[in-house]
Structure formats: C-alpha cells, structure tokens
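Engineer: Only the shape, not the letters, is given here:
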Ligand SMILES: [Zn+2]
C-alpha cells in the first residue's frame, strides 16, 4: 500500500465534498444514430452515434467513498473517541 493520509470518514455537503465532487464524474452511454443507423450523417456529426454523458449521482459518489473508507480507513489515534492500541507496554 502507498503512503497514508488523513481523510474525512464521510463525504458531506458540510465538509465541501458535495460541491467539489458533484458534476465531476460521468458515465458515458452510446446511442446509435436513428437517422443513419450508425453509418454517419449530418445529424450525428458523421459519427454514427451519440454519446450521452450521465453524471454520477451524489448518492453513488458517497457510496463508493463509504466502501473505500470501510475497507482502508483506520481510526486516527487521539482523535475523537476511538483509541488505538498501538502504544508500547501498559
Ligand atoms: Zn447519423
């Protein structure tokens, strides 16, 4: 694993993540042009298809992040109520 950094546990509007991330990611969906059935024409700019960009929803962005946090996140020692047992001795 690479170097470790501190990240917030959750993405929220409050920590600025919503305005940062929303509208940044897209799924692309290809639709064959109905006018030329893929051959290419004026309407589809001679590509034979249209590419629809579908923004990844805020709900999905949060869900992806939540899973990454669950898998890789570690509580920060002396931050909040979670105490690590990484100290030596008693
Ligand atoms: Zn076309």
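Structural biologist: Done, it's in. The structure displayed is predicted, hence computed values, not measured ones.
Engineer: Would you double-check that residue 27 falls in a strand?
Structural biologist: Yes. In this structure, residue 27 lies within a strand as judged by DSSP: H, G, I helix; E, B strand; the rest coil.
Engineer: how many other residues sit next to the nearest residue to it once chain neighbours are set aside?
Structural biologist: Nearest residue to residue 27 in three dimensions, chain neighbours excluded: residue 54, at 4.6 Å (C-beta to C-beta, 6 or more residues apart in numbering). Where you see a C-beta, it was placed from the backbone N, CA and C, and this is true even at glycine. Residue 54 is flanked by 10 other residues according to other C-beta atoms under 10 Å.
Engineer: Quick check: which element contains residue 54?
Structural biologist: Element membership for residue 54 (DSSP states H and E) is strand 49-55.
Engineer: what about residue 44, how many residues close to it?
Structural biologist: Neighbour count of residue 44, defined by other C-beta under 10 Å: 19.
Engineer: How much space separates it from the ion?
Structural biologist: Residue 44 sits at a distance of 3 Å from the ion (criterion: C-beta to the ion, to the nearest Å).
Engineer: ok, that residue touching residue 36?
Structural biologist: Yes. At 6.4 Å, residue 44 and residue 36 qualify as touching, with contact defined as C-beta atoms under 8 Å.
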